[in-house]
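1. coords below, sequence missing:
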Ligand code: 5GP
Ligand code: ZN
């Protein structure tokens with residue numbers, strides 16, 4: 001898939017609206033359109049890389065740094081007790097949008113465990 005028909009590239013370009021929670025030169029984060037919990041956030045590189053293997057290490061490290069800070073911010077924002085942090089990497093692993101993204105899914109005591 002080219003960046004022209006990638007949903008997340010269109011979000012980066014502002015052609016599809018999103019509820020953006022973070023942006024710098026390399027990474028961006030926005031709320032998931034179909035949240036598994038309040039505050040469910042996606043963290044992406046702005047450049048189009050499909051999977052972790054396709055992503056240069058410095059970009060992946062930058063995205064993970066943003067994810068690390070956002071994890072704390074999201075947890076505090078929704079008063080979560082924990083988070084599931086996950087990358088579905090590749091179609092076989094359940095990746096539906098072929099543009100690298102990390103999920104931050106807030107969890108709450110007694111909410112039933114894994115998504
Ligand atoms: P995956 O299964 O690829 O790891 O997760 C893709 C995620 O992207 C899903 O949680 C889905 O709800 C979210 N998503 C798909 N399309 C859009 C969209 O247009 N906007 C936003 N904000 N999230 C989206
Ligand atoms: Zn893309």
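-> Thanks, I have it. Because the structure is a prediction, the values reported are computed rather than measured. Ligands and ions are numbered 1, 2, ... in the order given.
2. residues in contact with residue 85?
-> 67, 71, 102-105 (CB atoms under 8 Å, 6 or more residues apart in numbering). Every residue, glycine included, has its C-beta placed from N, CA and C.
3. Also near ligand 2: which of these, exactly?
-> Among the contacts of residue 85, not one lies near ligand 2 by CB under 5 Å from the ion.
4. can you put these in JSON lines and add secondary structure?
-> Rendered in JSON lines, the data for the contacts of residue 85 read as follows (DSSP: H, G, I helix; E, B strand; the rest coil):
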{"residue": "67", "secondary structure": "helix"}
{"residue": "71", "secondary structure": "helix"}
{"residue": "102", "secondary structure": "strand"}
{"residue": "103", "secondary structure": "strand"}
{"residue": "104", "secondary structure": "strand"}
{"residue": "105", "secondary structure": "strand"}
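5. Could you identify the most distant pair in these?
-> Considering CB to CB, no two members of these lie farther apart than 67 and 105, which are separated by 12.0 Å.
6. Next, give phi and psi for residue 21.
-> Comment: the main-chain dihedrals of residue 21 come out as phi -110, psi -10, following degrees, to the nearest 10.
7. Nearest spatial neighbour of it, chain-adjacent residues omitted?
-> Computed as CB to CB, 6 or more residues apart in numbering, the closest residue to residue 21 that is not its neighbour in sequence is residue 29, at 4.9 Å.
8. What distance do you get for the most centrally placed residue in the chain to residue 100?
-> Note on the chain: the residue nearest the mean C-alpha position is residue 42, at 2.1 Å, using CA atoms, centre = their mean. Distance of residue 42 to residue 100, computed by CB to CB, to the nearest Å: 10 Å.
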